[in-house]
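*Asks:* I'll drop the sequence and a predicted model, then ask my questions.
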Amino acid sequence: MLNLTEILEPIAAWFRSLGVPEPIVHWGHPAMMGIVIFIMGSFVGFTGWRGRLAEDKEVASKSRIDHRKLAPWMFLFMALGYTGGILSLVMQHHSIFESPHFWSGSILLLLLGINGVISLSKFGGDKSSLRALHAYLGSTALCLMLVHVVLGLNLGMSF
(Lines give C-alpha, C1' and ligand atoms only; values in the text may rest on other atoms or scores of the structure.)
Protein backbone atom coordinates (compact mmCIF):
# COMPACT_ATOMS: atom_id res chain seq x y z
CA MET A 1 0.00 0.00 0.00
CA LEU A 2 1.13 3.53 -0.78
CA ASN A 3 2.37 5.35 2.32
CA LEU A 4 1.93 9.12 2.02
CA THR A 5 4.39 9.83 4.83
CA GLU A 6 7.12 7.83 3.06
CA ILE A 7 6.45 9.69 -0.19
CA LEU A 8 6.62 13.09 1.51
CA GLU A 9 9.57 12.33 3.80
CA PRO A 10 12.28 13.35 1.26
CA ILE A 11 10.58 16.72 0.79
CA ALA A 12 10.17 17.12 4.55
CA ALA A 13 13.83 16.20 5.08
CA TRP A 14 14.87 18.87 2.58
CA PHE A 15 12.80 21.50 4.42
CA ARG A 16 14.22 20.29 7.76
CA SER A 17 17.74 20.75 6.33
CA LEU A 18 17.00 24.46 5.80
CA GLY A 19 17.06 24.97 9.55
CA VAL A 20 13.63 26.59 9.74
CA PRO A 21 13.01 27.43 13.40
CA GLU A 22 10.71 24.97 15.15
CA PRO A 23 8.05 27.58 16.07
CA ILE A 24 7.66 28.44 12.39
CA VAL A 25 7.37 24.78 11.40
CA HIS A 26 4.93 24.20 14.27
CA TRP A 27 2.79 27.36 14.07
CA GLY A 28 3.44 28.72 10.56
CA HIS A 29 0.61 26.73 8.97
CA PRO A 30 -1.96 27.80 11.59
CA ALA A 31 -0.94 31.46 11.36
CA MET A 32 -1.14 31.62 7.57
CA MET A 33 -4.31 29.55 7.34
CA GLY A 34 -5.92 31.61 10.07
CA ILE A 35 -5.58 34.62 7.79
CA VAL A 36 -7.10 32.70 4.89
CA ILE A 37 -9.98 31.33 6.95
CA PHE A 38 -10.89 34.39 8.97
CA ILE A 39 -10.16 37.17 6.48
CA MET A 40 -10.78 35.61 3.09
CA GLY A 41 -13.42 33.15 4.30
CA SER A 42 -15.40 35.87 6.06
CA PHE A 43 -15.25 38.14 3.03
CA VAL A 44 -16.21 35.37 0.58
CA GLY A 45 -19.12 34.29 2.78
CA PHE A 46 -20.30 37.85 3.39
CA THR A 47 -20.17 38.87 -0.26
CA GLY A 48 -21.83 35.64 -1.34
CA TRP A 49 -24.80 36.15 0.96
CA ARG A 50 -24.99 39.89 0.32
CA GLY A 51 -25.10 39.11 -3.40
CA ARG A 52 -28.10 36.85 -2.77
CA LEU A 53 -29.97 38.99 -0.25
CA ALA A 54 -29.26 42.64 -1.09
CA GLU A 55 -32.32 44.41 -2.42
CA ASP A 56 -30.25 47.08 -4.16
CA LYS A 57 -29.35 45.51 -7.51
CA GLU A 58 -26.10 47.47 -7.77
CA VAL A 59 -24.94 46.30 -4.33
CA ALA A 60 -25.96 42.72 -5.12
CA SER A 61 -24.12 42.80 -8.44
CA LYS A 62 -20.93 44.23 -6.91
CA SER A 63 -21.06 41.62 -4.14
CA ARG A 64 -21.44 38.77 -6.63
CA ILE A 65 -18.49 40.13 -8.63
CA ASP A 66 -16.36 40.42 -5.47
CA HIS A 67 -17.38 36.91 -4.42
CA ARG A 68 -16.53 35.53 -7.85
CA LYS A 69 -13.12 37.26 -7.79
CA LEU A 70 -11.99 36.13 -4.34
CA ALA A 71 -13.53 32.66 -3.88
CA PRO A 72 -11.17 30.94 -6.36
CA TRP A 73 -8.17 32.54 -4.64
CA MET A 74 -9.45 31.36 -1.27
CA PHE A 75 -9.78 27.83 -2.65
CA LEU A 76 -6.24 27.98 -4.06
CA PHE A 77 -4.80 29.19 -0.75
CA MET A 78 -6.78 26.53 1.12
CA ALA A 79 -5.41 23.82 -1.19
CA LEU A 80 -1.86 25.13 -0.79
CA GLY A 81 -2.34 25.39 2.97
CA TYR A 82 -3.67 21.84 3.04
CA THR A 83 -0.51 20.67 1.32
CA GLY A 84 1.64 22.72 3.67
CA GLY A 85 -0.19 21.38 6.71
CA ILE A 86 0.39 17.79 5.63
CA LEU A 87 4.05 18.52 5.00
CA SER A 88 4.32 20.21 8.40
CA LEU A 89 2.99 17.05 10.07
CA VAL A 90 5.55 14.93 8.22
CA MET A 91 8.34 17.37 9.11
CA GLN A 92 7.39 17.03 12.78
CA HIS A 93 7.19 13.21 12.51
CA HIS A 94 3.46 13.00 13.23
CA SER A 95 0.91 10.70 11.67
CA ILE A 96 -1.23 12.25 8.95
CA PHE A 97 -4.26 9.98 8.85
CA GLU A 98 -4.77 9.82 12.64
CA SER A 99 -5.44 13.54 12.79
CA PRO A 100 -9.08 14.72 12.83
CA HIS A 101 -7.66 18.03 11.58
CA PHE A 102 -6.46 16.25 8.42
CA TRP A 103 -9.90 14.74 7.85
CA SER A 104 -11.78 17.98 8.47
CA GLY A 105 -9.43 19.73 6.04
CA SER A 106 -9.99 17.01 3.46
CA ILE A 107 -13.77 17.29 3.77
CA LEU A 108 -13.51 21.07 3.65
CA LEU A 109 -11.55 21.03 0.39
CA LEU A 110 -14.03 18.53 -1.05
CA LEU A 111 -16.97 20.81 -0.15
CA LEU A 112 -15.23 23.85 -1.61
CA GLY A 113 -14.32 21.89 -4.72
CA ILE A 114 -17.93 20.78 -5.22
CA ASN A 115 -19.03 24.37 -4.74
CA GLY A 116 -16.51 25.51 -7.33
CA VAL A 117 -17.80 22.95 -9.83
CA ILE A 118 -21.37 24.13 -9.22
CA SER A 119 -20.28 27.70 -9.89
CA LEU A 120 -18.24 26.77 -12.97
CA SER A 121 -21.31 25.00 -14.38
CA LYS A 122 -22.99 28.42 -14.22
CA PHE A 123 -25.34 26.86 -11.70
CA GLY A 124 -26.58 24.33 -14.25
CA GLY A 125 -27.95 27.04 -16.49
CA ASP A 126 -28.85 29.43 -13.65
CA LYS A 127 -31.02 26.97 -11.72
CA SER A 128 -32.19 28.50 -8.45
CA SER A 129 -31.86 25.13 -6.72
CA LEU A 130 -28.14 24.97 -7.57
CA ARG A 131 -27.67 28.58 -6.49
CA ALA A 132 -29.29 27.69 -3.16
CA LEU A 133 -27.17 24.54 -2.85
CA HIS A 134 -24.05 26.63 -3.57
CA ALA A 135 -24.98 29.13 -0.85
CA TYR A 136 -25.75 26.53 1.81
CA LEU A 137 -22.83 24.29 0.90
CA GLY A 138 -20.54 27.33 1.14
CA SER A 139 -22.03 28.23 4.52
CA THR A 140 -21.52 24.66 5.69
CA ALA A 141 -17.89 24.89 4.57
CA LEU A 142 -17.47 28.14 6.53
CA CYS A 143 -18.87 26.48 9.66
CA LEU A 144 -16.60 23.48 9.11
CA MET A 145 -13.67 25.92 8.88
CA LEU A 146 -14.35 26.92 12.49
CA VAL A 147 -14.43 23.28 13.59
CA HIS A 148 -11.23 22.77 11.60
CA VAL A 149 -9.58 25.65 13.47
CA VAL A 150 -10.48 24.12 16.84
CA LEU A 151 -9.19 20.71 15.75
CA GLY A 152 -6.00 22.35 14.49
CA LEU A 153 -5.41 24.21 17.74
CA ASN A 154 -5.95 20.99 19.66
CA LEU A 155 -3.48 19.25 17.37
CA GLY A 156 -0.91 22.04 17.73
CA MET A 157 -1.17 22.04 21.51
CA SER A 158 -0.83 18.23 21.67
CA PHE A 159 2.81 18.23 20.54
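*Replies:* Sure, I can see it.
*Asks:* for L151, which non-adjacent residue is closest in space?
*Replies:* Spatial nearest neighbour of L151, excluding adjacent residues (C-beta to C-beta, 6 or more residues apart in numbering): H101 at 4.2 Å. Every residue, glycine included, has its C-beta placed from N, CA and C.
*Asks:* the one you found and V149 touch, don't they?
*Replies:* No - with contact defined as C-beta atoms under 8 Å, H101 does not reach V149; the gap is 9.2 Å.
*Asks:* more neighbours: which of those two?
*Replies:* The residue with more neighbours, out of H101 and V149, is H101; 23 against 17, by other C-beta atoms under 10 Å.
*Asks:* OK, contacts around the residue most central in space within the chain?
*Replies:* Centroid check for the chain by C-alpha atoms, centre = their mean gives M78 as the closest residue, at 3.4 Å. When contacts are counted by C-beta atoms under 8 Å, 6 or more residues apart in numbering, M78 touches M33, V36, L108, L109, L112.
*Asks:* and what of T5?
*Replies:* Contact partners of T5, counting by C-beta under 8 Å, 6+ apart, are V90, S95, I96.
*Asks:* now those in CSV, with pLDDT?
*Replies:* Shown next, in CSV, are the contacts of T5 (pLDDT from 0 to 100):
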residue, pLDDT
V90, 92
S95, 86
I96, 88
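*Asks:* quick check: ChimeraX command selecting the buried ones in those.
*Replies:* Buried residues within the contacts of T5, by 16 or more other C-beta atoms under 10 Å, are selected in ChimeraX with:
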select :90,96
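*Asks:* mind putting the contacts of T5 in TSV, secondary structure included?
*Replies:* As requested, the contacts of T5 are exported to TSV (DSSP: H, G, I helix; E, B strand; the rest coil):
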residue	secondary structure
V90	helix
S95	coil
I96	coil
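*Asks:* export the contacts of T5 as JSON lines, with columns for distance to L18.
*Replies:* JSON lines is the format used below for the contacts of T5 (distance: C-beta to C-beta, whole Å):
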{"residue": "V90", "distance to L18": "15"}
{"residue": "S95", "distance to L18": "23"}
{"residue": "I96", "distance to L18": "21"}
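*Asks:* now, among the contacts of T5, which is nearest to G48?
*Replies:* Nearest to G48 out of those is I96 (C-beta to C-beta; 31.2 Å).
*Asks:* circling back: host element of the residue nearest to the centre of the chain?
*Replies:* In the assignment (DSSP states H and E), M78 maps to helix 57-91.
*Asks:* which parts of that helix are buried?
*Replies:* Those would be 63-64, 66-67, 70-71, 74-75, 77-78, 81-82, 84-91, for helix 57-91 by 16+ other C-beta under 10 Å.
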